[in-house]
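> what shape does this take:
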Amino acid sequence: MNRSILIAIAALLTTLALSACAESPDPKKESVSLTTYKSATCGCCKIWVEHAQQSGFDVVAKDVEDLNGVKKQHHISPRYQSCHTTVSEQGYVFEGHVPAKLIQRFLQNPPQDAIGLAVPGMPLGSPGMEVGDRFTPYQVLLLNKDGSSEIYAEINTAQEQF
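Numbering: from 1, shown residues only. As a prediction, the model looks like this:
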């Protein structure tokens, strides 16, 4: 065989071997897009958006006039509501100050018949509601398609949020 053909074959085989060993992209590391609907005047919502972005989410914040309309459109009962509503690309809702790590966990394995997660109200010390070292334990609720909810996680210390 011609020496240049052997060199070309060796180069091709080396390239194939190296590409087989290369790391494939990790789908868990790809940025997930979220849209957060909020009031233009709410400072804690802006801080929560920063929390989600720092946790690896691609967040688009939209100031809306009719936040209640957004909540109604996404079937969020008044008893589960907070100051902002976040919607994933897949249509799941995350109401209020839900820790980003719990959104990531939910999206990796969404429970059957769930529409999303909620942190009703605005618990002191939750992401976006930090005031020094003050913290109030709270529950993150799993919202179901039938309007019911159940406890998804209990956050008893500030450190459990991250």
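
> centre-most residue in this structure?
Ile103 (3.9 Å; CA atoms, centre = their mean).

> that one: what's it in contact with?
Neighbour list for Ile103: 34, 52, 57, 86, 88, 94, 117 [criterion: CB atoms under 8 Å, 6 or more residues apart in numbering]. No exception for glycine: its C-beta is placed from N, CA and C like everyone else's.

> of these - the most surrounded one?
Phe94 (30 neighbours; other CB atoms under 10 Å).

> so which strand or helix has the nearest residue to it once chain neighbours are set aside?
Distances taken as CB to CB, 6 or more residues apart in numbering place Thr86 nearest to Phe94, at 4.2 Å, with adjacent residues excluded. Under the criterion of DSSP states H and E, Thr86 resides in strand 85-88.

> ok, and what's touching that strand?
Outside strand 85-88, the residues that touch it by CB under 8 Å, 6+ apart are 32-38, 52, 59, 67, 70-71, 74, 76, 93-95, 98, 103, 107, 116.

> just the buried ones from the residues you listed?
Neighbour-count burial (16 or more other CB atoms under 10 Å) is assigned, among the contacts of strand 85-88, to 32, 34, 36-38, 52, 59, 67, 70-71, 74, 76, 93-95, 98, 103, 107, 116.

> where helices are concerned, which of those residues count?
Judged by DSSP state H, the buried ones among the contacts of strand 85-88 include 52, 67, 70-71, 103, 107 as members of helices.

> give me the distance between Asp66 and Lys72.
Asp66 sits 9 Å away from Lys72, going by CB to CB, to the nearest Å.

> check Glu150 too.
With CB to CB as the criterion, Glu150 and Lys72 are 22 Å apart.

> same question, Val49
22 Å.

> same check, this time on Lys46
23 Å.

> cool, and Ala158?
In terms of CB to CB, Ala158 sits 32 Å off from Lys72.

> go on, Asp146?
From Asp146 to Lys72 the distance is 17 Å (CB to CB).

> and for the closest residue to Pro110 other than its chain neighbours, the neighbour number?
The shortest distance from Pro110 to any non-neighbouring residue, by CB to CB, 6+ apart, is to Tyr92 (6.4 Å). Tyr92: 19 surrounding residues under other CB under 10 Å.

> cool, Ala114 as well?
Using other CB under 10 Å, Ala114 has 17 neighbouring residues.
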